[in-house]
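Visitor: Okay, predicted coordinates and the sequence, questions at the end:
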Amino acid sequence: MSARLIFNIGELTTNDPTLGDGSVLGRLRDAALVVDETKVLWVGESAKAPGCDESIDADGAAVVPGFVDSHTHLVFAGERSDEFEARMAGTPYDGGGIARTVAATREASRIELHTQTAKRVRELQAGGVTTMEIKSGYELTLSGEQRLLAIASEFTDEVTFLGAHVVPDEFAHDRRAYVELVIDQMLERCAPMARWADVFCEQGAFDVDEAREILLQARIMGLGLRVHGNQLGDSGGVALAVELDAASVDHCTFVNDHDLEALAASGTVATLLPGAEFCTRSSYPSGRRLLDAGATVALATDCNPGTSYVTSMSFVIALAVREMAMTVDEALWAATRGGARALRRDDVGHLGVGARADVVLLDAPRAAHLAYRPCGAVVGRTLRALR
Ligand code: NIG
Ligand code: FE
């Protein structure tokens with residue numbers, strides 16, 4: 001494909017501070033963008049745009065970078081709406097339902113899992129997601145985790161091994177044996193199929209020492225590190241993630257002052273998943289407190305059948321704005337460039353020259369409509385760069 005011009009953009013958010021108004025959002029008015037099938041080639045005022053063979057008239061609409069959903073559990077079978085209903089009636093979430101999804105996923109055929117995953121990927125993409133991470137974690141056997149990683153790889157390069165999601169029921173009498181299985185066999189066989197390793201570091205899952213041991217081995221096997229931490233309590237997951245220079249620590253619902261300071265001084269992104277608080281009727285993490293402390297914040301869906309059956313990044317943005325005291329601009333950045341940081345990527349999450357041509361045209365004059373009119377109707381056409 002030759003160059004394609006998108007002109008007449010009412011409000012362009014580039015997330016490149018060298019462009020436009022010089023803010024972190026690098027915002028331009030009456031702007032245009034030239035892309036080819038992979039990259040952004042030119043950004044500037046609509047009136048100065050070069051001619052191209054093909055053009056799209058944005059008709060005054062806002063344009064934003066494609067969303068980067070840096071945390072999903074898309075490969076699973078079954079559903080747990082009964083648990084959701086119980087939580088709405090006051091039953092707290094404790095991670096116990098994960099075993100039910102493990103049982104359903106082990107039962108499912110590869111084709112069934114693939115079909116269900118493809119459907120969820122399409123939902124995310126329809127909502128403007130152009131880069132997504134996908135975790136394993138719902139089989140918890142060597143061959144099962146490999147099966148989930150292989151399916152995830154068909155949809156993304158950002159594949160995460162989450163064999164340390166919980167200790168499966170058959171190891172309940174000997175959790176050490178499961179930790180050793182993860183360290184000795186699963187990591188060796190699964191590492192070539194993944195870019196990342198993640199551990200659910202929480203009471204009822206893995207404690208800090210177990211998580212550290214698993215993550216250190218994952219690093220030896222060449223994987224980047226991520227942590228599910230401080231979702232249900234002060235689990236020590238945030239401090240561990242910073243100690244290990246993990247790319248991201250996700251949930252961060254309970255963070256103490258030491259965690260805040262540590263995050264602010266680190267290269268570890270605090271990824272907030274407000275769909276989980278929504279679906280478990282829990283208190284939201286304080287996005288404001290993290291941002292004011294100087295932490296880098298990302299937003300992601302956490303799409304999974306237990307705590308967050310959510311495939312809309314604009315709903316996540318709306319929750320961050322309404323419930324977590326983030327401004328629309330902070331939430332938009334966190335859902336795009338913040339997600340890219342959480343995946344240690346510089347080529348996505350922004351629309352500077354050379355970035356991947358992942359572009360979302362909104363059916364709205366301003367990006368603020370993402371939160372103002374939540375639930376996805378605002379996301380218009382999405383252009384996704386060829387991979
Ligand atoms: O990110 N907290 C751990 N894992 C998922 C939930 C898994 C489940 O309940 O199925 C999460 O919230
Ligand atoms: Fe998760």
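Guide: Structure received. Residues are numbered from 1 along each chain as shown. Ligands and ions are numbered 1, 2, ... in the order given.
Visitor: which residues sit in contact with the closest residue to ligand 1 within the stretch 251-387 of the chain?
Guide: Ligand 1 sits closest to residue 306 of the stretch 251-387 of the chain, with a gap of 2.1 Å, by Cβ to the nearest ligand atom. To be clear about C-beta, it is placed using only N, CA and C from the backbone, and glycine gets the same treatment. Going by Cβ atoms under 8 Å, 6 or more residues apart in numbering, residue 306 touches 80, 83, 93, 95, 97, 98, 101.
Visitor: for ligand 1, what are the nearby residues on the stretch 101-250 of the chain?
Guide: Selection of the stretch 101-250 of the chain residues close to ligand 1 by Cβ under 6 Å from any ligand atom yields 101, 200, 228, 231.
Visitor: now the first one, what's its secondary structure?
Guide: It stands for residue 101. Three-state call for residue 101 (DSSP: H, G, I helix; E, B strand; the rest coil): helix.
Visitor: Touching, it and residue 95? I think so.
Guide: No. With contact defined as Cβ atoms under 8 Å, residue 101 does not count as touching residue 95 (11.0 Å).
Visitor: So for those two, which sits in the more crowded spot?
Guide: Remark: of residue 101 and residue 95, residue 101 carries more neighbours, 22 against 18, as counted by other Cβ atoms under 10 Å.
Visitor: residues touching the more buried one, list them.
Guide: Contacts here follow Cβ under 8 Å, 6+ apart; on that basis residue 101 touches 76, 77, 78, 80, 138, 304, 305, 306.
Visitor: What's the PyMOL line that selects buried ones from these?
Guide: What follows is the PyMOL syntax selecting those of the contacts of residue 101 that are buried according to 16 or more other Cβ atoms under 10 Å:
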select buried, resi 76+77+80+138+304+305+306
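Visitor: wait, which of the contacts of residue 101 is closest to residue 11?
Guide: For the contacts of residue 101, the minimum distance to residue 11 (Cβ to Cβ) is 33.4 Å, reached by residue 304.
Visitor: What residues are recorded as beta-bridge partners of that closest one?
Guide: Here residue 304 sits in beta bridges with residue 308, going by DSSP bridges.
Visitor: Quick test: name the residue nearest the centre of the chain.
Guide: residue 70 (2.2 Å; Cα atoms, centre = their mean).
Visitor: rewinding a little: okay if I get the contacts of residue 306 as a markdown table plus pLDDT and secondary structure?
Guide: Output for the contacts of residue 306, formatted as a markdown table (pLDDT from 0 to 100; DSSP: H, G, I helix; E, B strand; the rest coil):
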| residue | pLDDT | secondary structure |
| --- | --- | --- |
| 80 | 98 | coil |
| 83 | 97 | helix |
| 93 | 94 | coil |
| 95 | 91 | coil |
| 97 | 96 | coil |
| 98 | 98 | helix |
| 101 | 98 | helix |
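Visitor: Now the two most distant members of those residues.
Guide: Greatest spatial distance in the contacts of residue 306: 93 and 101, 13.3 Å, computed using Cβ to Cβ.
Visitor: The stretch 201-350 of the chain: helices as residue ranges?
Guide: Assigned by DSSP state H, counting those that start in this stretch, the helices in the stretch 201-350 of the chain fall at 208-220, 237-243, 257-264, 274-280, 287-293, 313-323, 328-335, 337-342.
Visitor: where does stretch 283-298 sit relative to the chain's centre, distance-wise?
Guide: Computed by Cα atoms, centre = their mean, to the nearest Å, the chain-centroid distance of stretch 283-298 equals 16 Å.
Visitor: Start and end of that stretch, how far apart?
Guide: End-to-end span of stretch 283-298 (Cα to Cα, to the nearest Å): 18 Å.
Visitor: Now do it: everything it contacts.
Guide: Contacts for stretch 283-298 (Cβ under 8 Å, 6+ apart): 68, 70, 248, 251-255, 260-261, 263-264, 269-272, 274, 277, 319-320, 323-326, 330-331, 334-335, 338-339, 341-342.
Visitor: are any of these buried, and which?
Guide: 68, 70, 248, 251-255, 260, 263-264, 269-272, 274, 277, 319-320, 323-324, 326, 330-331, 334-335, 338-339, 341-342.
Visitor: Let me see the contact set for the nearest residue to residue 59 once chain neighbours are set aside.
Guide: Spatially, and ignoring its direct neighbours in sequence, residue 59 is nearest to residue 8 (5.9 Å; Cβ to Cβ, 6 or more residues apart in numbering). Going by Cβ under 8 Å, 6+ apart, residue 8 touches 30, 32, 46, 57, 58, 59, 60.
Visitor: Secondary structure class of residue 8, three-state.
Guide: Residue 8 is classified as strand under three-state DSSP.
Visitor: Then residue 29?
Guide: Assigned state for residue 29: strand (three-state reduction, three-state DSSP).
Visitor: element containing the nearest residue to it once chain neighbours are set aside, please.
Guide: Nearest residue to residue 29, sequence neighbours excluded (Cβ to Cβ, 6+ apart): residue 11, at 6.0 Å. Counting by DSSP states H and E, the element that carries residue 11 is strand 4-13.
Visitor: what's around whichever residue of the stretch 1-150 of the chain sits closest to ligand 1, how many residues?
Guide: Ligand 1 sits closest to residue 98 of the stretch 1-150 of the chain, with a gap of 4.4 Å, by Cβ to the nearest ligand atom. Residue 98 has 25 neighbours, counted by other Cβ under 10 Å.
Visitor: residues touching it, list them.
Guide: 138, 165, 166, 306.
Visitor: Over to residue 327?
Guide: Contacts of residue 327 by Cβ under 8 Å, 6+ apart are residue 321.
Visitor: I'd like to know how far it sits from residue 255.
Guide: 20 Å (Cβ to Cβ, to the nearest Å).
Visitor: What is the burial count for residue 60?
Guide: The burial count for residue 60: 12, using other Cβ under 10 Å.
Visitor: Surely it is in contact with residue 12?
Guide: No. Using Cβ under 8 Å as the test, residue 60 is too far from residue 12 to be in contact (11.4 Å).
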